[in-house]
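Asker: I'd like to go over a predicted model; first the sequence, then the structure.
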Amino acid sequence: EASVRNPVHFHDLHPAPADMRAEVLAGLALPQKRIAPKFFYDAEGSRLFDAICELPEYYPTRTEIGILRRHGAEMASRLGREALLVELGSGSSLKIRVLLEALRPAVYMPVDISREHLLQSAEALAAAFPALQVHAVCADYSAPFSLPVDDHEHPRAAFFPGSSVGNFEPADAERFLRRVGELLGPDGRLLIGVDLVKDPALLEAAYNDADGVTAAFNLNLLSRINRELGADFQRDAFRHHAFFNRELSRIEMHLVSTRPQRVRVAGQDIDFRAGERIHTECSYKYSIDGFQSLGRRAGFEPDRVWTDEDSLFSVHCLTC
Ligand code: AVI
């Protein structure tokens, strides 16, 4: 079997599972109710997110892959070959495939909190790239952790695609990037995908697709809470709402209560006014300069940036 020919080295850092009950109840007790976007990703939410990435309106995924394909060789020369390449939140490890031929890292180290998915994806990748050393790390990349290797014999690089950095508040993004810099050490390189500010109509279409997949993704949060916390949210008494907030340069996603209602969540009553919202996600959009400033504040220097012809999306190389 292929996985025997190129076995995956597995490092389980035992990430603490989120206390979903406490976090959801605390968020629903706030004057502006909110639930963190990390709770979108149960099995159904992950499936819906993959479907979003294929939507005609959701330009980020295919645009970023196009940039990686087109400029992979140049990216490789900026990152340095024979590197220890860490991918943060590697999921299905699909995007890295585009870069592996050009990059030829000494070690590929996918980091993800979802143990089973990480193992399956790492094994599939190891089978497809028999010469690649794969060290899979089960960890929560949004919390501090250290790499389970102590040598600095290889130059270190990190890959953080998908504009996931946009789902952090800017202050949290800065703290996160600072930690990535510490993980990489002196002369480390970060290759990071960042969605760009653009015509609000294009942005809003990407989060309000015609088939309602994004709406289903947002509303799935209520089904998950019903199932996992014992709640009685009625999905059809809430609707998906997504818009671009220009002042804060972010897409906001909300679930809007269509009528006054009382919902039972994990043994507690939560009241909603008609039109009251639960804020479920922010997706910050940056200018190239704006993101480079954020990188500088986090201790990086901008090295190179690549975009597509329509300036929809950017991929930055930053150095420590
Ligand atoms: C994962 N993240 C970068 C996506 C985004 O665009 O902010 C999540 C998403 N939310 C709605 N559609 C996609």
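Answerer: Structure's in. What do you need?
Asker: ok so Thr61 is a strand residue?
Answerer: No. Counting by DSSP: H, G, I helix; E, B strand; the rest coil, Thr61 is not found in a strand; it is helix.
Asker: That one - how many residues pack around it?
Answerer: Number of residues near Thr61 (other C-beta atoms under 10 Å) recorded here: 20. Bear in mind the C-beta positions are built from the backbone N, C-alpha and C, glycine included.
Asker: heads up, I number from 19, so please use that
Answerer: Right, with 19 as the first residue, what we last looked at is Thr79.
Asker: can I assume it is in contact with Ser182?
Answerer: No. Look at Thr79 against Ser182 with C-beta atoms under 8 Å: they stay out of range, at 11.8 Å.
Asker: And stretch 273-285, what's buried?
Answerer: By neighbour count with 16 or more other C-beta atoms under 10 Å, stretch 273-285 contains the buried residues Leu273, Ser275, Gln279, Val281, Val283, Ala284.
Asker: near the ligand, which of those residues show up?
Answerer: Among the buried residues of stretch 273-285, no residue sits close to the ligand (C-beta under 6 Å from any ligand atom).
Asker: Which two of those have the greatest separation?
Answerer: Ser275 and Ala284 (18.3 Å; C-beta to C-beta).
Asker: just the buried residues of stretch 273-285 now: which is nearest the ligand?
Answerer: Nearest to the ligand among those: Leu273, at 12.7 Å, using C-beta to the nearest ligand atom.
Asker: for the ligand, what are the nearby residues on the protein?
Answerer: Residues of the chain lying near the ligand (C-beta under 6 Å from any ligand atom): Ile70, Gly180, Ser181, Ser182, Gly184, Asn185, Tyr225, Thr232, Glu299, Ser301.
Asker: now, which of these sits nearest Tyr159?
Answerer: Among the residues of the chain next to the ligand, and counting by C-beta to C-beta, the member closest to Tyr159 is Ser182, at 9.3 Å.
Asker: so what's the backbone phi/psi at that closest one?
Answerer: Per-residue torsions, Ser182: phi -60, psi -20 (degrees, to the nearest 10).
Asker: Can you report phi and psi for His32?
Answerer: The phi/psi pair for His32 (degrees, to the nearest 10) reads phi 50, psi 60.
Asker: Spatially nearest residue to it (excluding sequence neighbours)?
Answerer: Cys156 (7.4 Å; C-beta to C-beta, 6 or more residues apart in numbering).
Asker: okay, now the one you found: neighbour count?
Answerer: 19.
Asker: Likewise for Glu119?
Answerer: Counted with other C-beta under 10 Å, Glu119 comes out at 11.
Asker: Ala91 is in contact with that one, correct?
Answerer: No. Glu119 is beyond contact range of Ala91, at 9.2 Å (criterion: C-beta under 8 Å).
Asker: any low-confidence regions in the stretch 119-268 of the chain?
Answerer: Flagging of the stretch 119-268 of the chain using pLDDT under 70 yields the residue ranges 168.
Asker: ranges for the helices of it?
Answerer: 133-146, 188-202, 218-224, 231-247 (DSSP state H, counting those that start in this stretch).
Asker: Of those helices, flag the one that's most buried.
Answerer: helix 231-247 (a mean of 20; mean count of other C-beta atoms under 10 Å).
Asker: Please list the outside residues in contact with that one.
Answerer: Residues from elsewhere that reach helix 231-247 (C-beta atoms under 8 Å, 6 or more residues apart in numbering): 38-39, 42, 53, 57-58, 60, 62-63, 66-67, 69-70, 73, 76, 225-226, 249-251, 253, 256-258, 260, 271, 273, 283-284, 298-299.
Asker: ok and the residue in the stretch 219-338 of the chain nearest the ligand?
Answerer: Nearest residue of the stretch 219-338 of the chain to the ligand, counting by C-beta to the nearest ligand atom: Ser301, 3.3 Å away.
Asker: ok, now which ones touch that residue?
Answerer: Ser181, Gly184, Asn185, Asp213, Tyr225, Arg268, Ile269, Met271.
Asker: between the strand or helix carrying it and helix 188-202, how many degrees?
Answerer: Using DSSP states H and E, Ser301 sits in strand 295-302. With axes from the mean of the first three to the mean of the last three C-alpha atoms, to 10 degrees applied, the angle from strand 295-302 to helix 188-202 works out at 50 degrees.
Asker: gap between the residue nearest to Ser182 when sequence neighbours are not counted and His259?
Answerer: Excluding the flanking residues, the one nearest Ser182 by C-beta to C-beta, 6+ apart is Gly107, at 5.9 Å. Separation of Gly107 from His259 (C-beta to C-beta, to the nearest Å): 26 Å.
Asker: And for Pro320?
Answerer: Applying C-beta to C-beta, the value for Pro320 to His259 is 35 Å.
Asker: So the two - more neighbours on which side?
Answerer: More neighbours surround His259 than the other of Pro320 and His259, with 19 against 16 (other C-beta under 10 Å).
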